[in-house]
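Chemist: make a model of this:
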Amino acid sequence: MSEEFVPKAVFESIRQQRYEPSRFFMDFHIAGFAYYDGLEVIEELKLGTVVTLVGEPDNPHDPDAVAIYYQGKKLGYIPSSKNTMFSTFLYFGHSDLFEARIQTVNLEHHPERQFRVVVRVKDQRHKA
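Modeler: All right, here's what the predicted structure looks like:
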């Protein structure tokens, strides 16, 4: 980037900015939503709603299974194609590293695609 193409004040501002890595870790649609308790709380699931991720190492179908809960109601799972790394973090007690929230809501879609969750790394830098 050259000062020839960018006003000097903008150039200096960009040059002085510190790199800030993304907090994004993963996102996914909730697998199995139609088979669990999601309908009981569907009206409460809005953009930004916090959900809880719980490892299920004794799950007979997938030892890496990670269930998604809202207020004690199971909504479904992280898809098996995306659960291995997160399951490992949970297994070793690192659930406090992440926050999970509803990212997309579209009730017109098939139940498997109505809700998308984003998982982000928590920013602990400014905690007292």
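Chemist: and F28, how close does it get to S87?
Modeler: F28 sits 13 Å away from S87, going by C-beta to C-beta, to the nearest Å. (Glycine included, C-beta is placed from N, CA and C.)
Chemist: Q103 touches V117, doesn't it?
Modeler: Yes: using C-beta atoms under 8 Å, Q103 is in contact with V117, at 6.0 Å.
Chemist: which neighbours do the two have in common?
Modeler: Taking C-beta atoms under 8 Å, 6 or more residues apart in numbering as the contact rule, the neighbours common to Q103 and V117 are D27.
Chemist: count the neighbours of G72 for me.
Modeler: Neighbouring residues of G72 were enumerated by other C-beta atoms under 10 Å; the total is 9.
Chemist: actually P21, not the one I typed
Modeler: 6.
Chemist: in a strand, it, correct?
Modeler: No: applying DSSP: H, G, I helix; E, B strand; the rest coil, one finds P21 to be coil, outside a strand.
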